[in-house]
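Asker: take this sequence and fold it.
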Amino acid sequence: MLEIGSGTGQHAVYFAAALPHLVWQTADLPAHHAGMRMWLDEAALPNVLPPLALDVRRDDWHGGRYDAVFSANTLHIMGWPEVADFFRGVGAVLKPAGVLAVYGPFNYGGAFTAESNARFDAWLKARDPASGVRDFEAVDALARGVGLVLADDVPMPANNRTLVWRRLR
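Answerer: Okay, the predicted model is just below:
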């Protein structure tokens, strides 16, 4: 499992402890590695690997092959070109029959699903105009463009979703 945008490492620690049969590869920009290593060192889980330097804008992470990719709270803080880079990279590293799971807020039909998501989008755009809550249909088109098919769309707390795609080829 490759986690893109591992941040503090808290998701890796939580999921790797709950799913000991998975080997969890953390990855993020190098600026996040020191804080992430603190979580990982404290947890000392044998199925969590040290963080990889991963910038979705670069191609140097496209060499690995993974059964699954996970990313939480990342697409809305990236600019749209980086979101496209994210999916292009996932398309390059995901094995046949692999799974991509993405957690975060999404719009549907161009509309916010909750007032809190509209406020969050305004806050995101105030700090970085390139960021914002992404439209499900646009994100799904990027996923389909790299050979992924939507397998599930799971409602989550705080008006978030977990979108799950599967590679068929």
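Asker: quickly run through the sheet partners of the longest strand belonging to the chain, with directions.
Answerer: If you go by DSSP state E, the chain has its longest strand at strand 94-104. Using DSSP bridges, the strands paired with strand 94-104 are strand 66-72 (parallel), strand 160-167 (antiparallel).
Asker: switch those strands over to a markdown table; also include distance to L54 and mean pLDDT.
Answerer: From N, CA and C alone the C-beta is placed, and that goes for glycine too. Compiled in a markdown table, the strands paired with strand 94-104 are given as follows (distance: least, C-beta to C-beta, whole Å; pLDDT from 0 to 100):
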| stretch | distance to L54 | mean pLDDT |
| --- | --- | --- |
| strand 66-72 | 11 | 98 |
| strand 160-167 | 19 | 98 |
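Asker: so what's H32 up against?
Answerer: Counting by C-beta atoms under 8 Å, 6 or more residues apart in numbering, H32 touches 6-8, 51.
Asker: whoops, I mixed them up, F87
Answerer: So F87 contacts 139, 142-143, 145-146 (C-beta under 8 Å, 6+ apart).
Asker: ok so, going back, which of the residues in the longest strand of the chain are buried?
Answerer: Buried residues in strand 94-104, counted by 16 or more other C-beta atoms under 10 Å: 94, 98-104.
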